[in-house]
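Engineer: Here's my sequence, what's the structure:
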Amino acid sequence: MKHHSHNPKFEFVVPPMEFTKETEKELLQYCLGGVLYMPGTKNIIDKILSGNSPSPALVMCFEDAIQEEDLGAAETNVLSHLDRLSAALKNGEIALEDVPLIFLRVRNVDQFKSFSARLTSDMASVLTGFNFPKFYSDNAADYLEELVSVNNHLGTKLYGMPILEGHTIAFLETRNRELVDLKDKMAPYRDLILNIRVGGTDFSSLFGVRRDINTSIYNIVVVRDCLSDILNFFNRDEDGYAISAAVWEYFLAYKQEDLNDLLKRGEHHSLFKRNAIINDAVDGLLREIIMDRANGFIGKTIIHPSHLRFVNGMQAVTREEYEDAQQVLSTSGGVVKSAKANKMNEINPHRSWAKRVSRRAAAYGVIENEDSYLPLILGGN
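Structural biologist: I've put the predicted structure just below:
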C-alpha cells in the first residue's frame, strides 16, 4: 500500500514509501492514517483483489457497526474475505504490497477467542490485527493474553489496537487510576500494540453531548479533557504510543469536478484560517485534523470513504518541518539556526518531535509548503 494513490501525478519533495503489514512497527504505526471502519457484513473482496481497496487501512467490525443477530453472517463473510485474499497471495495473483492493512474489531473477549480459533495461518498472512473495544483495566489482560496466544498458535505477528472509551476514563473521579492501571497492564505487550484508538463518540454520549458540524471535538470541554489525559499518559516522548484521533461524524456529498474547479480558480484557501473551502462537513474535518496533529494524534478513525484523502493528505509533512527535523536528528546537541533562518532548533528538546516528523514524512511524503495541501488532497481522480 501507498498513501495518496488518488493523485499519482502530484510532485512530492520526498515521496511516501510503500508499506505492508510486515513493515517494522516503529514506522507502521504511523502508516495507518485514516482507518476506514465498515460492517463485517460488507463485501469488499472483489475491490481489494482488483487493486481498488476502499482504504490502505480498514477495520471490519463485529461490534457496534452490526446487529447482534448478524454476528454469524459477519464472521462468515470476514473468514471468506481472508481465505480468498490469502489464496490470491499464495497463488501470486497479488503481492503483499497490494493487501491493505486489515483489522477486525471484535465484539468482546469471548467473541475474540471463539473467532480467532477459526483463523488459519494462511488467513493470518493477510490480516494485520484486531481492535479491542471497551478496553478497560479489568479486561485488558484478557485481551492481550489472548492476542499472544493467537500469535503463538498461528506463528505470525498480529497486532492489537485498544480502544479507550467508557465511563471509568470519562469520569474525573476514576480517570487517573484507570489510565495508570491501563498503562501498567499494556506495558509488557508494547511490541504487539500498534496503535491506541479513542472513543470520542462514546465519551460524548456519556455526557449527553454531540458536536455539531461547525464544532470541533476540542470545543467539547469534558471530552477534550479525556483526550488530553489520554495523550498525557500514552504519548510521552520515547515511551509514547501512536494514538489515533476521534472520528469525525459528518459528511456531505461533493463532486470531483467541483474539486477540480476549485483548484483551477487558483484562489488562496488557507486551512489555518476560517475561510470557506469545500463545504461545512469537509471544512470542519480539516480544521479538526489540524488540531489533532497539533496535539500529537496520528491519523483518524473515519466512517466515510470521502474523508480518506483529507485525513491522509493532512498527514504530509512540509519541507520546512522536514528540514528542521533532519537538522535536529543529524546534530549531536546544542542550539542551531533553522535552514529557513526563522527559528532556533534546540536539539535535545526537539529530538522526539523530529523522530515523529521523520516517520510521518516516510509514510505520507514531504510537500513544498502549506499551500500544497489542497493540490495534494483535491488533485487526481
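
Engineer: Residue 99 contacts residue 123, correct?
Structural biologist: No. With contacts counted by Cβ atoms under 8 Å, residue 99 stays clear of residue 123, the gap being 12.0 Å. (Each C-beta comes from the backbone N, C-alpha and C, glycine too.)

Engineer: So for those two, which residue has more residues nearby?
Structural biologist: It is residue 99, of residue 99 and residue 123, that has more neighbours when counted by other Cβ atoms under 10 Å, with 23 against 20.

Engineer: How many residues are close by the residue nearest to the more buried one when sequence neighbours are not counted?
Structural biologist: Spatial nearest neighbour of residue 99, excluding adjacent residues (Cβ to Cβ, 6 or more residues apart in numbering): residue 126 at 5.2 Å. For residue 126, the neighbour count with other Cβ under 10 Å is 24.

Engineer: repeat for residue 141
Structural biologist: Neighbour count of residue 141, defined by other Cβ under 10 Å: 14.

Engineer: That one should be in a strand, yeah?
Structural biologist: No. Counting by DSSP: H, G, I helix; E, B strand; the rest coil, residue 141 is not found in a strand; it is helix.

Engineer: what secondary structure does the closest residue to it other than its chain neighbours sit in?
Structural biologist: Counting by Cβ to Cβ, 6+ apart, residue 141 lies nearest to residue 185, which is 5.7 Å off, once chain neighbours are set aside. Using three-state DSSP, the secondary structure recorded for residue 185 is helix.

Engineer: what sits against residue 185?
Structural biologist: Going by Cβ atoms under 8 Å, 6 or more residues apart in numbering, residue 185 touches 137, 140-141, 144.

Engineer: With respect to residue 57, which of those is nearest?
Structural biologist: Residue 57 lies nearest to residue 144 out of the contacts of residue 185, by Cβ to Cβ, at 21.2 Å.

Engineer: Would you map the strands across the stretch 201-350 of the chain?
Structural biologist: Taking DSSP state E, counting those that start in this stretch to define them, one finds strands in the stretch 201-350 of the chain at 300-302, 317-318, 335-337, 344-346.

Engineer: pLDDT of the second one, averaged?
Structural biologist: Put plainly, it is strand 317-318. Mean per-residue pLDDT for strand 317-318: 98.

Engineer: re the thing from before, most packed of the strands of the stretch 201-350 of the chain?
Structural biologist: Counting by mean count of other Cβ atoms under 10 Å, strand 300-302 has the highest mean neighbour count of the strands of the stretch 201-350 of the chain, with a mean of 26.

Engineer: and the strands of the stretch 201-350 of the chain as CSV, adding distance to residue 20?
Structural biologist: CSV is the format used below for the strands of the stretch 201-350 of the chain (distance: least, Cβ to Cβ, whole Å):
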stretch, distance to residue 20
strand 300-302, 21
strand 317-318, 22
strand 335-337, 37
strand 344-346, 33
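
Engineer: which of those strands has the lowest average pLDDT?
Structural biologist: Of all the strands of the stretch 201-350 of the chain, strand 335-337 has the smallest average pLDDT, which comes to a mean of 71.

Engineer: Stretch 88-105 spans what distance, first to last residue?
Structural biologist: By Cα to Cα, to the nearest Å, the extent of stretch 88-105 from end to end equals 24 Å.

Engineer: Quick check: buried residues in that stretch?
Structural biologist: By neighbour count on 16 or more other Cβ atoms under 10 Å, the buried set for stretch 88-105 is 88-89, 94, 98-105.

Engineer: any chance of those residues in a markdown table, plus secondary structure?
Structural biologist: Shown next, in a markdown table, are the buried residues of stretch 88-105 (three-state DSSP):
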| residue | secondary structure |
| --- | --- |
| 88 | helix |
| 89 | helix |
| 94 | coil |
| 98 | helix |
| 99 | coil |
| 100 | coil |
| 101 | strand |
| 102 | strand |
| 103 | strand |
| 104 | strand |
| 105 | strand |
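
Engineer: and which of these is nearest to residue 279?
Structural biologist: After measuring the buried residues of stretch 88-105 against residue 279 - Cβ to Cβ - the closest member comes out as residue 100, at 27.5 Å.

Engineer: Quick check: phi and psi at the nearest residue to the closest one once chain neighbours are set aside.
Structural biologist: Closest residue in space to residue 100, ignoring its immediate chain neighbours: residue 53 at 4.4 Å, by Cβ to Cβ, 6+ apart. Phi and psi for residue 53, reported as degrees, to the nearest 10, are phi -50, psi 140.

Engineer: any chance you could map the helices in the stretch 201-350 of the chain?
Structural biologist: Ranges of helices in the stretch 201-350 of the chain, per DSSP state H, counting those that start in this stretch, are 221-234, 256-265, 280-295, 308-313, 319-329, 347-364.

Engineer: Can you pull out the low-pLDDT segments for this protein?
Structural biologist: Along the chain, segments meeting pLDDT under 70 span 238, 252-277, 337-338, 341, 381.

Engineer: what residue of it is the furthest out?
Structural biologist: What lies farthest from the middle of the chain is residue 334; by Cα atoms, centre = their mean that is 34.0 Å.

Engineer: Setting the sequence-adjacent residues aside, check what's closest to that residue.
Structural biologist: In this structure, residue 334 finds its nearest non-sequential neighbour in residue 347, 5.8 Å apart by Cβ to Cβ, 6+ apart.

Engineer: Much appreciated, bye for now.
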